[in-house]
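Peer 1: with the sequence up front, the predicted model follows.
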Amino acid sequence: MRFSARTNWNTEESGLARAHRLRVEAGLPIADLTASNPTRCGFTYDPGLLAALSNPEAFDYNPQPKGVLSAREAVCGYYAGHSVAVNPEQIVLTTSTSEAYSYLFKLLCDPGSEILVAQPGYPLFDFLAVVDDVALKVTPLFYDHGWQIDPEGFRQSITPQTRAIVLVHPNNPTGHFTKPWEAAELARLCREFDLSLIVDEVFLDYSFGGRSSGHRNTSFAAGLEGVPVFVVSGLSKIAGLPQMKAAWIVATGPESDQALERLDVIADTFLSVNAPVQCALPLWLQGMEQIQRQIRERVGANLTELDRQLERQQTVRRLEVEGGWYAVLRIPALCPDEQTVAALLEQGVWVHPGYFFGMADSGWLVVSLLGPEGEFSAGVSGLLAYLVS
């Protein structure tokens with residue numbers, strides 16, 4: 001059989017993944033500092049959320065490419081909570097933000113077109129770009145009293161093949177919220193080079209200052225003057241329901257009507273969002289605060305515990321974080337991070353190496369703040385015992 005070049009991945013199990021699997025199979029203890037699945041982190045969900053899937057309206061097959069109106073109106077209500085007015089006609093429902101990206105890459109790119117994305121960042125983009133025959137170019141964030149976008153770095157990366165800039169607001173894993181001056185600089189580049197801006201806002205509600213933190217967690221769904229902006233988000237983080245597979249695109253800016261017409265055709269080709277989920281989406285968004293409150297409390301408590309333990313030593317330091325549910329640690333760059341992570345696993349601590357998110361091969365670890373507090377505290381203690389000894 002002949003396969004496409006786009007699927008020519010190395011699918012062999014990595015050494016770290018194998019070591020982790022073998023430890024799990026052996027029943028040995030592991031303090032998991034990588035936990036990112038809210039459904040497995042001990043949060044309490046309202047059982048009524050499942051009842052929403054039995055809505056009799058789901059028996060009616062109503063193939064609306066953008067999604068049924070009631071679900072899109074519920075998404076509008078979510079943005080109203082962020083003081084942004086969005087019309088249901090601006091919204092296209094998808095099963096996931098991954099699918100939303102794929103739709104947008106199909107909308108904006110020809111084979112070989114380029115997308116710019118800031119790093120550190122989540123490695124999912126690498127696979128999505130390859131599957132859609134798009135070239136991904138990374139532009140580093142830099143750290144100086146907090147993470148910052150480098151507008152000149154973006155400018156130097158732009159070529160005639162560049163079609164869009166991808167922004168994660170707040171960034172995963174750095175927790176960096178895009179500041180107004182950064183948004184203004186990116187908007188200037190988009191206008192100058194005729195680019196679109198794709199903004200991932202799945203962590204928007206998880207600011208360490210809460211919704212009262214002002215401009216930091218302002219949604220890009222409000223638009224930028226003269227710039228085609230496509231916001232992607234979904235229930236995975238907003239409602240802590242990654243298994244329900246519901247997300248969306250919000251389109252705004254010049255030529256958004258034509259963009260939405262084309263997105264309508266793309267979505268109509270797949271019609272992937274199932275009826276029960278669309279019918280349940282309004283109720284799930286109404287109840288999002290229950291899970292968000294638990295997540296914010298957990299993340300805040302774990303961040304406080306992390307800082308408490310870090311104060312006792314000078315070897316490891318935490319970089320500034322503004323939102324999301326990860327923290328980046330700077331460690332001595334004495335050996336490749338893969339070796340450090342493997343050694344920590346032998347001590348019963350499982351943590352992400354920084355290179356997983358596009359950082360250098362040594363000197364960086366990333367910890368999730370989402371896990372149960374006792375397990376998190378024990379994991380940090382084990383991590384510091386190894387690194388500081």
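Peer 2: Great, that's in hand. All figures in this text were calculated on a predicted structure; none of them were measured in a lab.
Peer 1: you'd agree V202 is up against G240?
Peer 2: No - using CB atoms under 8 Å, V202 is not in contact with G240, being 11.2 Å away. Yep, even glycine has a C-beta here, placed from its N, CA and C like the rest.
Peer 1: tell me which element Q156 falls in.
Peer 2: helix 151-157 (DSSP states H and E).
Peer 1: quick one: average pLDDT of that helix?
Peer 2: Across helix 151-157, pLDDT averages out at 95.
Peer 1: what sits up against the helix or strand just after it?
Peer 2: The first helix or strand that comes after helix 151-157 along the chain, using DSSP H and E, is strand 162-168. Outside strand 162-168, the residues that touch it by CB atoms under 8 Å, 6 or more residues apart in numbering are 101, 104, 108-109, 113-118, 121-122, 125, 137, 154, 178, 186, 189-190, 193, 195-200, 203, 220.
Peer 1: keep only those of these that are in strands.
Peer 2: E114, I115, L116, V117, A118, K137, S196, L197, I198, V199, D200 (DSSP state E).
Peer 1: P151 versus E297, what's the distance?
Peer 2: Between E297 and P151 the distance is 36 Å, computed by CB to CB, to the nearest Å.
Peer 1: ok, now P120?
Peer 2: From P120 across to P151, the span is 17 Å (CB to CB).
Peer 1: if you count what's nearby, which of these two comes out ahead?
Peer 2: P120 (27 against 16; other CB atoms under 10 Å).
Peer 1: OK, contacts around the closest residue to the more buried one other than its chain neighbours?
Peer 2: Nearest non-adjacent residue to P120, counting by CB to CB, 6 or more residues apart in numbering: F357, 4.3 Å away. Going by CB under 8 Å, 6+ apart, F357 touches Q119, P120, G121, Y122, P123, N172, P173, V366.
Peer 1: the contacts of strand 162-168, buried ones only, as a PyMOL selection?
Peer 2: To isolate the buried ones among these in PyMOL, judged by 16 or more other CB atoms under 10 Å, type:
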select buried, resi 101+104+108+109+113+114+115+116+117+118+121+122+125+137+154+178+186+189+190+195+196+197+198+199+200+203+220
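Peer 1: what is the neighbour count of S36?
Peer 2: S36: 18 neighbours (other CB under 10 Å).
Peer 1: likewise for Y206?
Peer 2: Using other CB under 10 Å: Y206 sits among 23 other residues.
Peer 1: what sits closest to it if chain neighbours are left out?
Peer 2: Per CB to CB, 6+ apart, closest to Y206 is G323, 5.2 Å.
Peer 1: distance of that neighbour from G358?
Peer 2: Counting by CB to CB, the gap from G323 to G358 is 19 Å.
Peer 1: over to E25?
Peer 2: For E25, the distance to G358 - CB to CB - is 30 Å.
Peer 1: okay, those two: which has more neighbours?
Peer 2: G358 (20 against 8).
Peer 1: for I291, give me its contacts.
Peer 2: P38, F43, Y45, A239, G240, L241.
Peer 1: now with 10 Å, please.
Peer 2: Residues near I291 by CB atoms under 10 Å, 6 or more residues apart in numbering: 38-39, 43-46, 49, 237-241, 284.
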